[in-house]
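J.: Have a look at this fold, sequence not included:
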């Protein structure tokens, strides 16, 4: 695992650059979460608390035992993410009564330490259950419980203030007007459209926003139950687990061990930050049904609930922008999404994340007026002014251990930028110095900011070095491809 007739936004006006000069790695100041009390899934004490039938859980336990061979009662309960006392013991008692499992020994004291083996009748029952689906993990959470939990956790993001944002964006240089627009957009928790020529920091800004607002943790279930169908939510690629010292792991063999302090069908993670680019397809925005295992994988936007979803290089996905925008008109406005099961039934799920669209294609070729209205915040990320470009160049030199030379820099500005009307793109200092270092290493020289090395770096970096570049324009033919 790892995406027209237009009413363009108002013409952007480049503000005077005000460098953010706090040095070092970005540090986010602690801010109290807003909203209701922090959500923690309550512990289970009775079978009814799971919201599922005994037979449903028993079939899941049979599949686990079928795949594993011998397991103790505690081990079966652990894999079901259920407490043994009060629930796991009832499930095993039911399986024994139906002659689907049998006790083959004991690994300690108490019923939880009994070793269980599946019987011939249990094997037949397990295979029947696996014909329906081959999911064999934590007991799913009913979807209505999940929807309520997402709503309760929607207020746990950090509130962004000017002080916090200056710390988080300390390594970036941007105009004051741009800076003033990003903060309110981050606080909205809805949608943000970043547009502008490539190389000016749109993706870097989006990632910095994620660091600012996603400091809090949250709980998500391993899987959901929807009308008997199973949807996997937890993704070990896109979700970062937070270890809990007070969460009972249930790995002991003592029959008197304490029960868990919360519902173990949920896992504690950092608020997700999911990024997709050109690989995004329309199928990736709906439930993914596994024809072999016969259960669903949640789409990207559901895995991003409670966090942030960045669609980078918007307009260059394998699907047309118009199709993507039409798919999300209702979710962006109503904050709910409707997904389709293979049975044809629709499932309503929350759409609770900050969605950021980042593009270097002119918005008039991407958005119509109806969709533009639904994107709450639109921010143009343009080239730096001359002062900001110099600050950026000096920082890049310092970061790469190269002495900044005033005379060489002035020659660069005069001969490469002013003479050719080239915009002061934010990524140029870093990239040109990387080229300079490559040249120096090849020629067995010390990397220094000399005019010869820097101009030759420009020759290998800029395409059509003898021609002026366009600051921000739609490439020929791109508009037709986007329609």
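T.: Okay, I see it. Remember, predicted model here, so these are calculated numbers, not experimental data.

J.: Then residue 433 would be within a strand, right?
T.: No: the assignment for residue 433 (DSSP: H, G, I helix; E, B strand; the rest coil) gives helix, which keeps it out of a strand.

J.: Measure how buried it is and give me the count.
T.: Counted with other CB atoms under 10 Å, the neighbours of residue 433 add up to 22. Yep, even glycine has a C-beta here, placed from its N, CA and C like the rest.

J.: and the gap between it and residue 447?
T.: Taking CB to CB, to the nearest Å as the measure, residue 433 falls 8 Å from residue 447.

J.: How about residue 303?
T.: According to CB to CB, residue 303 stands 43 Å off from residue 447.

J.: Which one's more surrounded, the two?
T.: A direct count of neighbours by other CB under 10 Å for residue 303 and residue 447 places residue 303 higher, at 23 against 18.

J.: Surely the more buried one and residue 236 touch.
T.: No: the pair residue 303 / residue 236 is not scored as a contact, 11.1 Å apart, by CB atoms under 8 Å.

J.: Between residue 433 and residue 447, which contacts overlap?
T.: 400, 402 (CB atoms under 8 Å, 6 or more residues apart in numbering).

J.: which sections of the stretch 101-250 of the chain are below the confidence cut-off?
T.: Along the stretch 101-250 of the chain, the model assigns pLDDT under 70 to residues 155-158, 245-250.

J.: do that again at 80, thanks
T.: Residue ranges of the stretch 101-250 of the chain with pLDDT under 80: 107-109, 155-160, 188-189, 211-216, 244-250.

J.: Between its first and last residues, how far does stretch 283-292 reach?
T.: In stretch 283-292, first residue to last residue: 17 Å (CA to CA, to the nearest Å).

J.: likewise stretch 40-48?
T.: 19 Å.

J.: For it, list every residue counted as buried.
T.: Under the neighbour-count criterion of 16 or more other CB atoms under 10 Å, stretch 40-48 has 41, 44, 47 buried.

J.: With stretch 139-153 instead?
T.: 139-141, 143, 145-147, 149-150, 152-153.

J.: Could you export those as JSON lines, including distance to residue 101?
T.: Conversion of those to JSON lines gives the following (distance: CB to CB, whole Å):
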{"residue": "139", "distance to residue 101": "17"}
{"residue": "140", "distance to residue 101": "21"}
{"residue": "141", "distance to residue 101": "25"}
{"residue": "143", "distance to residue 101": "29"}
{"residue": "145", "distance to residue 101": "28"}
{"residue": "146", "distance to residue 101": "30"}
{"residue": "147", "distance to residue 101": "34"}
{"residue": "149", "distance to residue 101": "33"}
{"residue": "150", "distance to residue 101": "36"}
{"residue": "152", "distance to residue 101": "38"}
{"residue": "153", "distance to residue 101": "38"}
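
J.: Let's see which of the residues you listed end up in helices.
T.: The members of the buried residues of stretch 139-153 that map onto helices under DSSP state H are 143, 145-147, 149-150, 152.
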